[in-house]
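Trainee: Sharing a model prediction with you, sequence too.
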Amino acid sequence: MRVGLTGGVASGKSTVSAMLAELGAVVIDADALAREVVAPGSDGLAAVVDVFGLEVLGPDGGLDRPKLGAIVFADPDKRKALEAIVHPRVRARAAEMEAAAPPGAIVVHDIPLLTETGQAPTFDAVVVVDVPVEVQVDRMVRIRGMRPEDARARVAAQARREDRLAVATYVIDNTASLEDLRAQVEQVYAELSERSSP
Ligand SMILES: CC(C)(COP(=O)(O)OP(=O)(O)OC[C@H]1O[C@@H](n2cnc3c(N)ncnc32)[C@H](O)[C@@H]1O)[C@@H](O)C(=O)NCCC(=O)NCCS
Ligand SMILES: Nc1ncnc2c1ncn2[C@@H]1O[C@H](COP(=O)(O)OP(=O)(O)OP(=O)(O)O)[C@@H](O)[C@H]1O
């Protein structure tokens, strides 16, 4: 069974993914793959340097992610240019990882831009982690130390909350405690397990 997991930035996708993995799901994390495909020495990094120049490299030769983030979250055309490099490579790696999953596994694809990229219909079920924008911004500022304007720029680069909710099979509300979140994740996992082996 193939499950898409999405949510806005800092909504709690990674936290939910970790809980699903503990319960037995095979999780494929698009953000992690997006880092892997531009690792030092990769053709992805060479392609990024071709488009954005050597100034997006740090002193160690790796990608200066905060610097590239400041560029692409201020300019939609530049963001699209970066996505055109990263997304095809992420999808190829995700397909390889899915092919290597054990038969019968519940495979969860954690994809921040699942709604934006129109991938919802390709999954058997879509789980959306939902919080209001103010909670997203608060977590980015308070926990990650981002400037409020940078946090809002990231939110603005993503689908609206109602567009994500429109593609959800299951909605997980992550405005309360982690215990409350875990209880909802367990419930969703039980329902996915039932659907995958009725
Ligand atoms: C711009 C980059 C270098 C900034 O790196 P940084 O380490 O600060 O952020 P990280 O990659 O950990 O992403 C954190 C979150 O930002 C949001 N985000 C990332 N890229 C995008 C994007 N293109 N559009 C909207 N939101 C995005 C997502 O919610 C993601 O979960 C990086 O996000 C990137 O390479 N983005 C383009 C690839 C992409 O679209 N990734 C997202 C899913 S594959
Ligand atoms: N219910 C909660 N209560 C308090 N803090 C939470 C809760 N859920 C998640 N967090 C914290 O909020 C931050 C964002 O969560 P997480 O990293 O899981 O989000 P994400 O959606 O994966 O983010 P990104 O889009 O940047 O990849 C983390 O520091 C996490 O520990």
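Mentor: On my side now, so go ahead. Residues are numbered from 1 along each chain as shown. Ligands and ions are numbered 1, 2, ... in the order given.
Trainee: For the strand or helix carrying residue 194, name the packing helices and strands.
Mentor: In the assignment (DSSP states H and E), residue 194 maps to helix 178-196. Under the contact definition 3 or more Cβ pairs under 8 Å, 6 or more residues apart in numbering; DSSP states H and E, helix 178-196 sits against helix 13-23, strand 125-130, strand 170-173. Bear in mind the C-beta positions are built from the backbone N, C-alpha and C, glycine included.
Trainee: so of the ones you listed, which one's packed in deepest?
Mentor: Burial of those is given as mean neighbour count (mean count of other Cβ atoms under 10 Å); strand 125-130 ranks first at a mean of 24.
Trainee: Any residue of that strand touching ligand 1?
Mentor: No: Strand 125-130 does not reach ligand 1 (Cβ under 6 Å from any ligand atom); its nearest approach is 10.9 Å.
Trainee: now the angle from that strand to helix 178-196?
Mentor: Strand 125-130 runs at 170 degrees relative to helix 178-196, counting by axes from the mean of the first three to the mean of the last three Cα atoms, to 10 degrees.
Trainee: Could you identify the helix or strand that succeeds strand 125-130?
Mentor: Scanning forward in sequence from strand 125-130 by DSSP H and E, the next helix or strand is helix 133-142.
Trainee: Got phi/psi on the residue sitting nearest the centre point of the chain?
Mentor: Note on the chain: the residue nearest the mean C-alpha position is residue 112, at 2.8 Å, using Cα atoms, centre = their mean. Backbone torsions for residue 112, taken as degrees, to the nearest 10, come to phi -50, psi -40.
Trainee: Show the contacting residues for residue 45.
Mentor: 38-39, 62-63 (Cβ atoms under 8 Å, 6 or more residues apart in numbering).
Trainee: can you rerun that using 6 Å?
Mentor: Neighbouring residues of residue 45 by Cβ atoms under 6 Å, 6 or more residues apart in numbering: residue 38.
Trainee: State the distance from it to residue 125.
Mentor: Here residue 45 is placed at a distance of 34 Å from residue 125 (Cβ to Cβ, to the nearest Å).
Trainee: residues from the chain in reach of ligand 1?
Mentor: So the chain meets ligand 1 at 9, 30-31, 34, 65, 68-69, 72, 79, 82-83, 86, 90, 112-113, 154, 157-158 (Cβ under 6 Å from any ligand atom).
Trainee: So which of these sit within helices?
Mentor: Among the residues of the chain next to ligand 1, DSSP state H puts 30-31, 34, 65, 68-69, 72, 79, 82-83, 86, 90, 154 in helices.
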